[in-house]
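Visitor: For reference, the sequence and a predicted model appear below.
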Amino acid sequence: MVKHHYKKSLQQFFKDGAECFKTTRLTQVSLLVSILFLVLTFALPIWRLVPLASELPFIALHYNIYLGVDQFGSLYSIFLLPVLGLFFLVLNVVIEVASFRKQKILSMFFAGANPLLQVLLLVAVSLIILVNV
């Protein structure tokens, strides 16, 4: 019979995750706020730019105060930022749970960094939408 070492590690990881989110209020609030900002980051382009898709074949993706709009892309390029936010949210939560037992301060750092990163991405998407509307 083959023993799977990763199975025990994965079970321990989920136990640590449950303990992390049950015992620390910061991790709970951080995750909820991060998910809220991530949903807004996905919903804002859908609400404002998708209806304009028939009129605009390309959208402005970058604005420079010296040159004006200097980068264009397809409508789906705007969703790169929300997908990046989802990737960083998952990565931060995994690192947060993995470091919870041994280094609680590092875990709290990643818990606090999650909402800040999501807010920055939401602001970036909002500014891109303002340039296009």
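Guide: Ah, there it is.

Visitor: measure Leu84 to Asp70 for me?
Guide: Distance, Leu84 to Asp70, using CB to CB, to the nearest Å: 20 Å. Where you see a C-beta, it was placed from the backbone N, CA and C, and this is true even at glycine.

Visitor: Specify which residue of those two has the higher count of neighbours.
Guide: Between Leu84 and Asp70, Leu84 has the larger neighbour count (other CB atoms under 10 Å), namely 14 against 11.

Visitor: Relative to the whole chain's centre, how far out is the longest helix anywhere in the chain?
Guide: When the chain is parsed with DSSP state H, its longest helix is helix 104-132. In terms of CA atoms, centre = their mean, to the nearest Å, the gap separating the centre of helix 104-132 from the centre of its chain is 7 Å.

Visitor: And it, what's buried?
Guide: Buried residues in helix 104-132, counting neighbours by 16 or more other CB atoms under 10 Å, are found at 107-108, 110-111, 113-115, 117-119, 121-122, 125, 128-129, 132.

Visitor: quick one: terminal-to-terminal distance for stretch 67-82?
Guide: Using CA to CA, to the nearest Å, the end-to-end distance of stretch 67-82 comes out at 26 Å.

Visitor: Which residues belonging to that stretch are considered buried?
Guide: Here stretch 67-82 shows 75, 78-79, 81-82 as buried, counting by 16+ other CB under 10 Å.

Visitor: could you pull out the helices for this protein?
Guide: 5-23, 25-48, 80-98, 104-132.

Visitor: So for Asn64, which of those helices sits nearest?
Guide: helix 104-132 (10.7 Å; CB to CB).

Visitor: Average pLDDT for the closest one, rounded please.
Guide: Per-residue pLDDT over helix 104-132 has a mean of 89.

Visitor: what's the angle from that helix to helix 80-98?
Guide: Orientation note: helix 104-132 sits at an angle of 170 degrees relative to helix 80-98 (axes from the mean of the first three to the mean of the last three CA atoms, to 10 degrees).
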